[in-house]
Structures are given as structure tokens and as C-alpha cells.
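1. Show me how the following folds:
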Amino acid sequence: PCRKNDDLPNWVPVHDVWQSKDEKHWRSLIGDQRDTSVHEVFCEVNSRVHLALISLLDDVETETLVICGDPDNLQDKLLDYSESIGHRFAKPSSLAIKSSAVSRILALVNLSEGEDAWSLNRLKDLWNQTSLPMNWPLFWNLKHPTEQKWHPRLHPKVLEEIARSFHLLGGQGALSRWIAILSQATPRPGTDLKRGGQELEETLWWISCLAKWQTPLLSELDKKVLSEPLTGCTSHETLPLLETPGDVISWYNSCLEQIDWNKLISQDSVQSNTLPGIQNLTSALGILLKENIEIKVEEFSDILKNLAQNTEIPSIRGSDKGLTILSPAQAYGVEAETIILCGIDAQSWSMKTSQIPWLDDSSRLQLGLHKPDEPLRMGRHHLRHILNSAKTVIIINSSIEEGTELAGPLDEWYSDLSQSGNKILDHLPSFIP
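-> Residues are numbered from 1 along each chain as shown. So this is what the prediction gives:
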């Protein structure tokens, strides 16, 4: 340390050293000049801190900085409420394969591939998935010869019973077994025969239509299964099937036509990367086709996966600069009209030192790397800055919940306040009714 002016380097200007009135030095000269007020709001359940934050944001009208021990997790929790608080969060760039919708398209491409081809789990996942909403207009446009209310649709319980009774697993030949068993299936005795017959035939019709639609991606063995007309297991009528896409690109375009875009857009309003993922993947595929590169059936899955792994979804800018969410370290040097400190429990804002692989404590000590108190010292430094960098500082305290402890620096600050008898937390900010 420099103990006299002669010890200071030449680039440091001559100045008077400021002496803090606060014995613990939590208060700074800038905080005194700004007349910073600190307030406390309690949240009884730590997992609902984000709801308390949303309630506060409804009343705050000034530029707000939210400081949290885990800002990414907090931002994810706030996504569903972004419209209600009038904020669109910025999103960093990511790869298309991280989009849930793109992953679902890749799963469709691989439905007939591998040891789980046409397995019960894959078929149920396709029917129940919500990450890529599909309304299947191709299927619903088909008319049953005699039953107007019957349509191609999957009844998962029907498949579960057949898979259990006939030990039907996925893999080569699974498609032919599904169709062969369902073509001869009858409702179980003691059940509603009319409803059971309808569910069996609709399930048979659905799997056959799905396989017909997947024809460009199927093996020769699976294609042979679809060469014969389809006869309903209950009505014994010949059931209409879909027209087969001409090639894998036609299939991909048809896949996009089956998507329920209105529902997809509503899902994407909460800042998911679903819609941008599909858009950028389709653009990348289009660029590839412009190069007149022939895409073979057996290569289509690998090509599409490779495009998804290497296609970047551009970052999304936030729509409101009045709200920023940062960690204590990121917020160092940042000032705002209002600061809300939340998610600052010992788990979210950890004071543990990061581990160095293959080095024990004694080795780190010898190398000068063993500094167990460094995170705590840095935490104190960051907290001191936070407490002096805004006109109004609000702390959402969730430590009243059993098992929840405040982070070390905040715990020390509260302890210092208690020992000094300071009552600065006994009043609410003016904007809270």
C-alpha cells in the first residue's frame, strides 16, 4: 500500500483522501452526494423472488438495474411475463440445432432410422409433442368412405396395448408389424366395441398415412409395406392415403405446410428461438440447393443435422433500454436511477472459489493460487458499489424462508446495520403505495 504521497506513481493526480463517516466503509462519497436510500422488501419463498420483482417493476417508472446472483436463470423465469412488464429481453446468438422446433424436424427425419425406428416411444412423442405444433391438414382432408367422423389419428393407449401384447419394439420391420397387427385387430371383449373399433381403425389409418408421407425417407423394405391398398380393420373399407412427396425436398416443404404457424407464433412471443430456428435452417437449405448439390435420400438426415449444427440464429436486441439484468460483477461500474437487488441468496450468489483441475489445496498454496477469501472480498467490493450507485436501492430479501441464507457480503452488511442500530431499512420507497 501507498502510505505517503511520495509513494504514489506520477500518473495519480494530487488529491485529498476521503474519509468515510461509515466505520465499515459501506457508504461512499458518491453515495453521500446522491443521498442514496436503501429499502427492503421481503419475499417468503425464495423460488418466487421473480414474482416479487415483477410486482415492483409495475410501480417503478425510472431506469432500473436488476442485479441478481444468477441473471440468466432470472431472465428465463421472466420470459413468460415479459409482455406484462413491457420489456423484450435481448437474446444472444445461438445455433439452429438448439431450437426445439428444429430438433423436432430432425426427429421426424429420423423416425424410420435406427434401432428405435417406428418404436412406440417415437410415435407417442410425435403425437404428444408441443415444441413444433402441427395440425396435419393432409391427414384431416382425407374422408372415410362410410364414417364421416372418423379421421386418421393416433390413440396412444391402442399402441401401448399392442406393443405390450405382441412385444413390439422398434427397428427394422417394426412398421410392417404395426400395420399387420392393426389390420387384424378387434376390440377387447367387455369394452365399448364401437368406440374400440373406431380407435383401432383410426390408429391404423394414422400410421399408414404417416408412413406414406414419409415415403421419400423410407427404406425399400418399409416401402413394400405400403404397396398394397389399406383396408380398415373395423369397417373393412378401402381407406384413402396421402399422395407421396416426390423427393426429400418436397417432403421438407410438406413438413413446413403441416405446422400450425399461428400457434407457433404465439409460442415464440415469449422469446423462444423456435421460429428463427426454422427460418434460418430453411434458408441454409435453400442456399445449398442453389449450388445445384444433389441431396441423396441416405444423406438427407446427416446434411440437415450438419446445417442445423452450423447455422447461426442472429442475436435479438431488447426492446426496452429502461431495464437491465446483470450479475454483481457485471454491474460493477454501472449506475441507474433505481437498483433492485434480488436472487442474492448464498446459493445464487456463491462465495465459493472456483476449482482448478488436478491441483489440491497444498499445490494451489505453493503456486500462490489458494485464495479462499477472494470471492468474499470481491463480493464486499461489488456490494459497496451497488449500495452507492443509484438514487434508490431495493433489496428483495428471501432469507425468512427456512433453509435460505443471504450471500456472505449481504449477511455482513445486515449484521453491521444491526450492531450499529441503523434504521435505514425501516421505510418504503416513495413509489410503493
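
2. going forward, measure contacts and count neighbours with C-alpha atoms only.
-> Noted.

3. now the strands for the protein?
-> 37-42, 64-68, 94-95, 230-231, 238-239, 312-313, 323-326, 336-342, 390-397 (DSSP state E).

4. Okay, now the sheet partners of the fifth one, with direction.
-> Within its sheet, and counting by DSSP bridges, strand 238-239 is paired with strand 230-231 (antiparallel).

5. what does the strand it pairs with contact?
-> With CA atoms under 8 Å, 6 or more residues apart in numbering as the test, strand 230-231 has contacts from Ser183, Ser208, Glu237, Thr238, Leu239, Pro240, Leu241.

6. So Leu78 is in contact with His50, correct?
-> Yes - if you go by CA atoms under 8 Å, Leu78 and His50 touch, sitting 6.9 Å apart.

7. Need the overlap of contacts for these two.
-> By CA under 8 Å, 6+ apart, no residue touches both Leu78 and His50.

8. can you count the residues close to Tyr147?
-> Slight slip there: residue 147 is Glu, not Tyr. Glu147 sits with 10 neighbouring residues when counted by other CA atoms under 10 Å.

9. And it, how far from Glu202?
-> Glu147 sits 11 Å away from Glu202, taking CA to CA, to the nearest Å as the criterion.

10. go on, Val49?
-> Taken as CA to CA, the span from Val49 to Glu202 is 48 Å.

11. which residues does Trp213 contact?
-> Shown in contact with Trp213 (CA under 8 Å, 6+ apart): Leu242, Glu243, Thr244, Pro245, Trp251.

12. from the chain's centre, how far out does the helix or strand bottoming out on mean pLDDT in the chain sit?
-> In the chain, no helix or strand scores lower on mean pLDDT, DSSP states H and E than helix 361-366, which sits at a mean of 72. In this view, helix 361-366 has its centroid 40 Å away from the chain centroid, taken as CA atoms, centre = their mean, to the nearest Å.

13. hey, C-alpha coordinates of it in PDB?
-> Below are the C-alpha coordinates for helix 361-366, written out as PDB (Å, rounded to 0.1, in the frame of the first residue of the first chain):
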ATOM      1  CA  ASP A 361      -5.100 -27.100  -1.700                       C
ATOM      2  CA  SER A 362      -1.400 -27.500  -0.900                       C
ATOM      3  CA  SER A 363      -0.400 -27.300  -4.600                       C
ATOM      4  CA  ARG A 364      -2.500 -24.100  -5.100                       C
ATOM      5  CA  LEU A 365      -1.000 -22.700  -1.900                       C
ATOM      6  CA  GLN A 366       2.600 -23.300  -3.200                       C
END
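
14. Can you point out the buried residues in whichever helix in the chain runs longest?
-> Scanning the chain for the helix with the most residues, using DSSP state H, yields helix 193-213. Buried positions in helix 193-213, judged by neighbour count with 16 or more other CA atoms under 10 Å: 196-213.

15. now stretch 219-233
-> So, applying 16+ other CA under 10 Å, buried residues of stretch 219-233: Asp222, Lys223, Val225, Leu226, Leu230, Thr231, Gly232, Cys233.

16. list the contacts for the closest residue to the fourth one other than its chain neighbours?
-> If the residues on either side of it in the chain are set aside, Leu226 comes closest to Lys212, at 6.9 Å by CA to CA, 6 or more residues apart in numbering. Taking CA under 8 Å, 6+ apart as the definition of contact, the neighbours of Lys212 are Leu226, Leu241, Leu242, Glu243, Thr244.

17. List just the nearest of those residues to Ser283.
-> When these are compared for distance to Ser283 (CA to CA), Thr244 wins out at 24.1 Å.

18. okay, now the closest one: neighbour count?
-> Using other CA under 10 Å, Thr244 is surrounded by 15 other residues.

19. same question, Leu383
-> Residues within reach of Leu383, counting by other CA under 10 Å, total 21.

20. Distance of it relative to Asp416?
-> Applying CA to CA, the value for Leu383 to Asp416 is 14 Å.

21. Likewise for Val334?
-> Val334 sits at a distance of 25 Å from Asp416 (criterion: CA to CA).

22. and if you look at Gln75?
-> Separation of Gln75 from Asp416 (CA to CA): 31 Å.

23. the more surrounded of the two?
-> More crowded of Gln75 and Asp416, by other CA under 10 Å: Gln75, with 18 against 15.
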